[in-house]
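**Student:** need coordinates for the following:
(one chain, ligands or ions: 1)
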Amino acid sequence: MFIGDAYHSTSPQLGQGANMALLDAKALDFAIRQCADKVHEVGELYYSLRARQIILFQFLSRFLTPFYQSDSRVLGFIRDHVVSQLVKIPPAPRLMAAMVSGLMVEPFSRGLLGANPILQLDEPDWHKWNDQRLQ
Ligand SMILES: Cc1cc2nc3c(=O)[nH]c(=O)nc-3n(C[C@H](O)[C@H](O)[C@H](O)COP(=O)(O)OP(=O)(O)OC[C@H]3O[C@@H](n4cnc5c(N)ncnc54)[C@H](O)[C@@H]3O)c2cc1C
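**Tutor:** From the prediction side, this is the model:
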């Protein structure tokens, strides 16, 4: 089983690599405890918990990296003169904040664990905190 960059390396623009590695570790710890009597199910549970966020951020990384790391003058122009203006128009600031704080989706897929979707994390209400910061 893999966690961190060994599982899902991306380019660093979104600033999520270390965060995602820590979330992987938490999810794997949870899966191991949950499947103590069924070790062969650990991987399935672990990967299913993390898949949604990882697929999203890998897609975003693949899509956005050329804007920051390429030889294209066109993409550089779009980044500096078009995107830089578009991100000021609501709801773009909120979306950008959610993206760089890793909150575009829940870090652990909900619903898979029925009554215990949050992996027993004592999480703050990040969405509320995010909204307050943007007001
Ligand atoms: C330029 C840059 C900027 C970044 N900025 C951010 C940021 O702002 N925010 C963020 O969250 N993330 C950022 N990241 C990404 C983040 O650094 C990584 O996603 C994160 O460190 C991954 O953690 P990891 O434990 O999976 O791997 P690593 O931190 O790479 O740890 C792997 C460890 O394994 C060791 N190792 C390798 N091979 C072996 C072996 N054969 N035997 C024993 N040990 C071995 C390595 O020496 C290393 O210590 C950035 C990355 C880069 C390159």
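**Student:** for the protein, which residues are neighbours of the ligand?
**Tutor:** Counting by C-beta under 6 Å from any ligand atom, the chain comes close to the ligand at Gly4, Asp5, Ala6, Pro12, Gly15, Gln16, Gly17, Ala18, Asn19, Ala21. (C-beta placed from N, C-alpha, C; glycine too.)
**Student:** determine which two of those residues are furthest apart.
**Tutor:** Greatest spatial distance in the residues of the chain next to the ligand: Ala6 and Gly15, 18.8 Å, computed using C-beta to C-beta.
**Student:** which stretches of this structure form helices?
**Tutor:** Along the chain, counting by DSSP state H, helices occupy 5-8, 17-34, 42-68, 73-77, 84-86, 92-100, 126-134.
**Student:** and the angle from the third one to helix 92-100?
**Tutor:** Meaning helix 42-68. Relative orientation of helix 42-68 versus helix 92-100 (axes from the mean of the first three to the mean of the last three C-alpha atoms, to 10 degrees): 130 degrees.
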